[in-house]
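# Just the structure for this:
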Amino acid sequence: MKKALLLLPSIAVASLLSAPARPCTSILVSPGASSDDSTMVTYAADSHHFYGELVLRPAGRNLPGTMADVYEWDSGKRRGQIAAAPTTYSVVGNINEHQLVIAETTYGGREELVDPTAVLDYGTLIYEALKRARTAREAIEVMTGLVAEYGYGSSGESFSIGDPREVWLLEMVGKGPGNKGALWVAVRIPNGYISAHANQSRIRQFALNDSRNVLYAKDVISFARGKGWFKGRDQDFSFADAYAPLDFGALRYCEARVWNVFRRAAPSLGLKSDWVNGDPRAEPLPLWVKPDKKLSAQDVMALMRDHFEGTEFDMRDDVGAGPYALPYRWRPMTWEVDGAKYLHERAISTQQTGWSFVSQSRSRLPDPIGGLLWFGVDDTYSTVYLPIYAGIRSAPPALAPGVATLYRFSWDSAFWVFNWVANFAYSRYRDMILDVQVVQRELEGDFLARQAAVEKAALRLHGQSPELARDYLTEYSTAQTQRAVERWRKLGEDLVVKYLDGNVKSELGEVLHPPYPDAWYRRIVAERGEQLRMRPLPGEPPADKPLPVVGYFHSRDELGDLAKAVPADFDFEVEKLVLLPGEDLCHRPPRCCLSPAESTRSDGVVVAVPRPGKDPCGPPRWLVRLPRGENRPLIKESER
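Residues are numbered from 1 along each chain as shown. Down below sits the predicted model:
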């Protein structure tokens, strides 16, 4: 009797939901394009249905004749069975024990090419390849061999596949209902170059007689001819044009992300936005570019943090960003007004990321040490990339399956702690992201600074016993993950205290009320100015305008050169000084010190500013003394 195994979805919540194709982003870095000769692959698993966790699959052996049940990665639906591999390798997330890494993005392609009767979906292909292959080339053989035998049931996919020596891009699409197999092309990224894909097929023309660098299905061109999707010479055939024709959304949602990766990595190329703006005269983006400098893991993390800053697509600039420059847009992505259809930009950094990683595969190190996932949960812009080595024995508890789900919160879950902080930061993003980045740099900077020493210690242990190195790396990855989660929870607590109720507390505990940006007030006035405009009633005295303030000072050190104007016995433990601007043409020190006038007003502190008289230098600056806890605005008393 044949034994059956279960091939379960890698993310628990995915088995409960029927999710649409996920918009993701992936970058491929060849060893010659990296600063330490590692290959790198990135992945952002962007789905509103995904809970981010780290799944470990142990190595194993199966008896001859063992069959494995296949459950679709996105929906959890059972698709059928495949023959289990006699021997499987251990897998940590998306990297296996031989430093093989696989990521993907879904481009969809022609709907009529999906085969609902096929056994294999793209997720199963990824993890079966990681369990069965040692190199990128072997992974391509495994994936294409499996779909030839069992059929391919997903829509079009781009796969990033890397091992310690090379990176490949494999693009695949089905042949339609009941037509077993798949149409595919795989190209090796030239050494010294990088590539990227983001939910749109990117392989166009490819070499037909270069098996060292290009592999493809034997019928990939003839099938398109038979459907009437291509006419011309074989050497002119474009996989992307035949099987995933472009529309405007594919350019702006997908190719725009690739454009910005290339633009940032190779600014010397001067890549224009014509292509992603839909200009029919524009040349398509290249499949790969040579970066202006070799990229470190930290550089690649930075490429994965992007909202089109500094470009015409900058998501901080339009009204959708609100007053605090929020570079995110809630779904849906498109809408209609008066019959015209509009879109929101789609950047690499997006709120619905379940998890992401930047991998390193390094041929100079033993596999358990050389393979490294810099692994993060939630939004790439505000996550912390954690050092997760290929040789670890167990997932850090905060990342382990079962700690929480998309529908069950837990403070023990890294996913929920990072989402809690990010979602609060969205409410005043322009300010809070600066606080987030301070802690992000603190943690990631320390991980990167310690990396060489950690790997040196692991290498020494590996020389004694590889298992000792694995134990050490497991403890290290677990400790750093727990440290990051605890620090992130403390960050969230600090943000709630600092930004409570729309206020901002200073480092000295003062409750401040910073106004909205001037541009936002102007938008309000443009839309509802007449309704919101204040009009004095007949006989109402003119309203007092708050005095402008140049700065608050709580010590002589903060005053700097201005301290010369302050009496030596001024007690900064009890009082603070406020600097009022003047128009002193002689650049004299400010005068000190005015005290508040006696007043029964509760809406502010009344200050009597003396008239300058016939001073040729003009009105001087003044320092006003206030109790340290006084935070009301300053109001100018009638002139005397």
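# and the longest helix along the chain, which residues are buried?
Among all segments of the chain classified by DSSP state H, the helix with the greatest residue count is helix 429-464. Neighbour-count burial for helix 429-464, counted by 16 or more other CB atoms under 10 Å, picks out 429-433, 435-436, 439-440, 443-444, 447-448, 454-455, 458, 461-462. Placement of C-beta: from N, CA and C, glycine included.
# in stretch 147-158, what counts as buried?
So, applying 16+ other CB under 10 Å, buried residues of stretch 147-158: 147, 150-158.
# elements contacting the longest helix of the chain?
When contacts are defined as 3 or more CB pairs under 8 Å, 6 or more residues apart in numbering; DSSP states H and E, helix 429-464 sits against helix 297-303, helix 367-370, strand 386-389, helix 414-425, helix 466-498.
# Show me the shaky parts of the stretch 451-600 of the chain.
By pLDDT under 70, the low-scoring segments of the stretch 451-600 of the chain are 543.
# can you pull the pLDDT of the closest residue to S296 other than its chain neighbours?
Setting aside the residues directly before and after it, S296 is nearest to S35 in space (CB to CB, 6 or more residues apart in numbering), at 4.5 Å. In this prediction, S35 carries a pLDDT score of 98.
# Would you enumerate the residues in contact with M304?
Contacts of M304 were listed using CB atoms under 8 Å, 6 or more residues apart in numbering, and they are 25, 27, 42, 44, 348-349, 356, 358, 380.
# residue boundaries of the helices in this structure?
For the chain, the helices defined by DSSP H occupy 122-132, 136-150, 220-227, 239-243, 248-249, 256-265, 297-303, 367-370, 414-425, 429-464, 466-498, 518-532, 556-559.
# Just the C-alphas of the fourth one, formatted as CSV.
So the one you mean is helix 239-243. Only the C-alpha atoms of helix 239-243 are listed here, as CSV (Å, rounded to 0.1, in the frame of the first residue of the first chain):
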residue,chain,number,x,y,z
PHE,A,239,7.8,35.6,-23.8
ALA,A,240,6.3,38.6,-22.0
ASP,A,241,4.5,40.0,-25.0
ALA,A,242,3.1,36.6,-26.0
TYR,A,243,1.9,35.3,-22.6
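# bridging residues for T334?
Note on T334: beta-bridge partners by DSSP bridges are L343.
# Can you report how many residues neighbour it?
The number of residues packed around T334, counting by other CB atoms under 10 Å, is 11.
# got a list of what it touches?
Applying CB under 8 Å, 6+ apart, one finds that T334 lies in contact with 249, 341-344.
# Look at the residue nearest to A457 when sequence neighbours are not counted and say how many residues are nearby.
In space, not counting the residues next to it along the chain, A457 is nearest to Y472; the distance is 6.7 Å by CB to CB, 6+ apart. Neighbour count of Y472, defined by other CB under 10 Å: 21.
# ok, Y472 to F50 distance?
To F50, Y472 is 31 Å away according to CB to CB, to the nearest Å.
# Quick one, grab the pLDDT at the spatially closest residue to P517 that is not a sequence neighbour.
Closest residue to P517 apart from its sequence neighbours, by CB to CB, 6+ apart: P323 at 5.9 Å. pLDDT, the model's per-residue confidence, is 95 for P323.
# swap in R316?
R316 is assigned a predicted lDDT (pLDDT) of 95.
# The residue nearest to A457: what's it in contact with?
Listed by CB under 8 Å, 6+ apart, the contact partners of Y472 are 457-458, 461.
# which one of those is nearest Q531?
Set against Q531, the nearest of these by CB to CB is A458 (66.3 Å).
# Next one: that closest one from V606, what distance?
In this structure, A458 lies at 68 Å from V606, with CB to CB as the measure.
# now swap in N631 and tell me
For N631, the distance to V606 equals 15 Å [CB to CB].
# So which of the two has more stuff around it?
The neighbour count for N631 versus V606, taken as other CB under 10 Å, is higher for V606 (19 against 15).
# Need the nearest residue in space to that one, chain neighbours excluded.
Leaving aside its chain neighbours, V606 sits nearest to S599 (4.1 Å; criterion: CB to CB, 6+ apart).
# which of the residues in stretch 533-548 are buried?
Within stretch 533-548, the residues that qualify as buried by neighbour count (16+ other CB under 10 Å) are 544, 547.
# Only C-alpha atoms, please: export it in PDB.
Extracted C-alpha coordinates of stretch 533-548, given in PDB (Å, rounded to 0.1, in the frame of the first residue of the first chain):
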ATOM      1  CA  ARG A 533     -13.700  81.300   8.400                       C
ATOM      2  CA  MET A 534     -14.000  83.200  11.700                       C
ATOM      3  CA  ARG A 535     -16.000  86.400  11.500                       C
ATOM      4  CA  PRO A 536     -16.000  89.000  14.400                       C
ATOM      5  CA  LEU A 537     -19.400  89.900  15.800                       C
ATOM      6  CA  PRO A 538     -20.400  93.600  15.800                       C
ATOM      7  CA  GLY A 539     -18.600  95.300  18.600                       C
ATOM      8  CA  GLU A 540     -16.300  92.400  19.300                       C
ATOM      9  CA  PRO A 541     -12.800  93.500  20.100                       C
ATOM     10  CA  PRO A 542     -10.100  92.400  17.800                       C
ATOM     11  CA  ALA A 543      -8.800  88.900  18.600                       C
ATOM     12  CA  ASP A 544      -5.300  88.700  20.100                       C
ATOM     13  CA  LYS A 545      -2.800  86.900  17.900                       C
ATOM     14  CA  PRO A 546      -0.400  84.600  19.700                       C
ATOM     15  CA  LEU A 547       3.100  86.000  19.800                       C
ATOM     16  CA  PRO A 548       5.600  84.200  17.500                       C
END
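# which residues are in contact with stretch 492-500?
Counting by CB under 8 Å, 6+ apart, the neighbours of stretch 492-500 from elsewhere in the structure are 417, 420-421, 424-425, 427-428, 431-432, 435-436, 504-505.
# Save these as JSON lines, and put in distance to A282 too.
As requested, the contacts of stretch 492-500 are exported to JSON lines (distance: CB to CB, whole Å):
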{"residue": "V417", "distance to A282": "44"}
{"residue": "W420", "distance to A282": "43"}
{"residue": "V421", "distance to A282": "40"}
{"residue": "F424", "distance to A282": "41"}
{"residue": "A425", "distance to A282": "37"}
{"residue": "S427", "distance to A282": "39"}
{"residue": "R428", "distance to A282": "39"}
{"residue": "D431", "distance to A282": "38"}
{"residue": "M432", "distance to A282": "38"}
{"residue": "D435", "distance to A282": "41"}
{"residue": "V436", "distance to A282": "37"}
{"residue": "V504", "distance to A282": "45"}
{"residue": "K505", "distance to A282": "50"}
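# tell me the contacts of H98?
Per CB under 8 Å, 6+ apart, neighbours of H98: 89, 133-135, 163, 367, 371.
# L468: neighbour count?
Applying the criterion other CB under 10 Å, we find 14 residues in the vicinity of L468.
# my guess is it contacts L461, does it?
Yes - in this structure L468 lies within contact range of L461 using CB atoms under 8 Å: 4.2 Å.
# Just confirm P86 contacts G65, I think it does.
No - at 10.3 Å, P86 and G65 do not qualify as touching, with contact defined as CB under 8 Å.
# Around F375, how many other residues sit close by?
Burial of F375, expressed as a neighbour count using other CB under 10 Å, amounts to 29.
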